[in-house]
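Peer 1: I'd like to go over a predicted model; first the sequence, then the structure.
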Amino acid sequence: MRYVVIGAGAIGGVVAARLHEAGRDVLAVARGAHLAAIREHGLLLDEPDGSRTVRLAVAGAVREVDWRPDDVVLLCTKTQDSEALLDELRAAAPDVAVACVQNGVANERMAAQRFERVQGVYVMVPAEHLEPGRVIGFSAPVAGVLDVGRYPAGADELSTRIADDLTAAGYSSRAVAAIMPWKYSKLLVNLGNAADAACGSDDPDLRELNERAHAEGERCLAAAGIAFTSRADVRERRTGNVSVRPAGGRDRPGGSSTWQSLHRGSGSVEAEHLNGEIVALGRAHGVPTPVNEVLLRTVTAMARDGEPAGSRTARGLLTEADRATDRA
């Protein structure tokens, strides 16, 4: 079985490198300057226990891959890029199995519209990608948590095979029969990505902003009848499996995946499929979501306008959300 890792950024790059080092057959798909750097120099992987260069096989696009019957795709892109890539993938390899190693809950839905075999992956891996040809993993001795389950439910032989390979690559990974409640719990956590990106991790009011976004999310999921894993179970799963340590000359990751998108000037962020998921549920079920609406609007505008990460304040965003509530 070969893993085709589409999106060799923070998560995809570290996972691809570790799977390769564990003796698994891996082909990464990257683009732009990152692709050029990997082709010329290999992928530099910085981790708490040291740095090394991993010589990965790499392609520049889905259409460049020499697809094999036993290939399994690990889709590691941001959600805003998923639909176009899945369409391209269906045209090139319509029978391939797809595992969504991504934040949010929309990717599995998109994949299931196009492919018969879809796996969801619960991702708890502190990683960073800010410059071409380099990725950083911050957790050691365990590299993080990557649990796998069939979408929409169940765990099959492929779930177990992927989990076993990820375990061999240094992750805590298991086959989970009900993967989506875990992914919805991660969605709630990721509602804070927009807050971190807009305000920076040292903002004194960031915790309140995150908590209010999270509370709105929980109310929306409850109103929609959507199950999600409890905070206590998430903490237990994290304990001993995610231990952030300095790596690559940094004490900790610079920020969330959304912060990294703003920092790189990518022009788009994932908030539509994180905060936007909660806003849509709120509108469908009559649950107010002023904080998530402000966060979605703010980081989308920041990405569009090239505004630097950390240029807003949490207190300012909370005030904006409260004013919207007062007007309602």
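Peer 2: It's in.
Peer 1: do you know how far the closest residue to Pro69 other than its chain neighbours is from Leu89?
Peer 2: Take Pro69 and drop its neighbours on the chain: the residue closest to it by C-beta to C-beta, 6 or more residues apart in numbering is Asp95, 7.7 Å away. Just so you know, the C-beta spots here come from the backbone N, C-alpha and C atoms, and that holds for glycine as well. As judged by C-beta to C-beta, to the nearest Å, Asp95 and Leu89 stand 11 Å apart.
Peer 1: if you count what's nearby, which of the two comes out ahead?
Peer 2: The neighbour count for Asp95 versus Leu89, taken as other C-beta atoms under 10 Å, is higher for Leu89 (25 against 11).
Peer 1: Next one, pLDDT for Asp205 please.
Peer 2: At Asp205, the model reports a pLDDT of 97.
Peer 1: Check the burial of it by counting its neighbours.
Peer 2: Using other C-beta under 10 Å, Asp205 is surrounded by 15 other residues.
Peer 1: Count the residues that sit near the nearest residue to it once chain neighbours are set aside.
Peer 2: With C-beta to C-beta, 6+ apart as the criterion, Asp205 has its nearest non-adjacent residue at 3.7 Å, and that residue is Ala314. As a burial measure, Ala314 scores 21 neighbours (other C-beta under 10 Å).
Peer 1: Now Gln119: phi and psi?
Peer 2: phi -120, psi 140 (degrees, to the nearest 10).
Peer 1: still on that earlier bit, check the gap between the residue nearest to Asp205 and Asn193 for me.
Peer 2: Distance, Ala314 to Asn193, by C-beta to C-beta: 14 Å.
Peer 1: Val58 now?
Peer 2: Between Val58 and Asn193 the computed distance is 27 Å (C-beta to C-beta).
Peer 1: The two - which one has more neighbours?
Peer 2: Higher neighbour count among Val58 and Asn193: Asn193, with 26 against 22, using other C-beta under 10 Å.
Peer 1: so the more buried one, which of the three states?
Peer 2: What DSSP: H, G, I helix; E, B strand; the rest coil gives for Asn193 is helix.
Peer 1: Now do the contacts for it.
Peer 2: Taking C-beta atoms under 8 Å, 6 or more residues apart in numbering, we find Asn193 in contact with 103, 256-259, 270-271, 274.
Peer 1: Mind jotting down where the strands sit in this structure?
Peer 2: Using DSSP state E, the strands of the chain run over 2-6, 25-29, 43-47, 50-54, 57-59, 71-75, 97-100, 118-124, 127-131, 134-137, 145-150.
Peer 1: Name the residues of the fourth one that come out as buried.
Peer 2: Put plainly, it is strand 50-54. Of the residues in strand 50-54, Val54 count as buried by neighbour count, 16 or more other C-beta atoms under 10 Å.
Peer 1: what angle separates that strand from strand 43-47?
Peer 2: Angle, strand 50-54 to strand 43-47, by axes from the mean of the first three to the mean of the last three C-alpha atoms, to 10 degrees: 160 degrees.
Peer 1: ok, now the longest one?
Peer 2: Orientation check (the same axes, to 10 degrees): strand 118-124 against strand 43-47 gives 50 degrees.
Peer 1: Mind giving me the packing neighbours of strand 118-124?
Peer 2: On a contact count with 3 or more C-beta pairs under 8 Å, 6 or more residues apart in numbering; DSSP states H and E, strand 118-124 meets strand 97-100, helix 106-112, strand 145-150, helix 157-168, helix 179-190.
Peer 1: Just the CA coordinates for the second one, please, in PDB.
Peer 2: As requested, the backbone C-alpha atoms of helix 106-112 are provided in PDB (Å, rounded to 0.1, in the frame of the first residue of the first chain):
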ATOM      1  CA  ALA A 106     -16.900  19.300   5.700                       C
ATOM      2  CA  ASN A 107     -14.100  17.400   4.000                       C
ATOM      3  CA  GLU A 108     -15.500  13.900   4.700                       C
ATOM      4  CA  ARG A 109     -18.900  15.100   3.200                       C
ATOM      5  CA  MET A 110     -17.200  16.400   0.100                       C
ATOM      6  CA  ALA A 111     -15.100  13.200  -0.300                       C
ATOM      7  CA  ALA A 112     -18.100  10.900   0.200                       C
END
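Peer 1: Output the contacting helices and strands for it.
Peer 2: In terms of contacts (3+ C-beta pairs under 8 Å, 6+ apart), helix 106-112 is packed against helix 82-92, strand 97-100, strand 118-124.
Peer 1: ok so, going back, with distance to Ala16 and mean pLDDT as added columns, please give the strands of the chain in CSV.
Peer 2: CSV is the format used below for the strands of the chain (distance: least, C-beta to C-beta, whole Å; pLDDT from 0 to 100):
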stretch, distance to Ala16, mean pLDDT
strand 2-6, 4, 98
strand 25-29, 5, 98
strand 43-47, 8, 98
strand 50-54, 8, 97
strand 57-59, 9, 97
strand 71-75, 8, 98
strand 97-100, 13, 98
strand 118-124, 14, 98
strand 127-131, 12, 92
strand 134-137, 9, 96
strand 145-150, 13, 98
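Peer 1: Brilliant, that's me finished.
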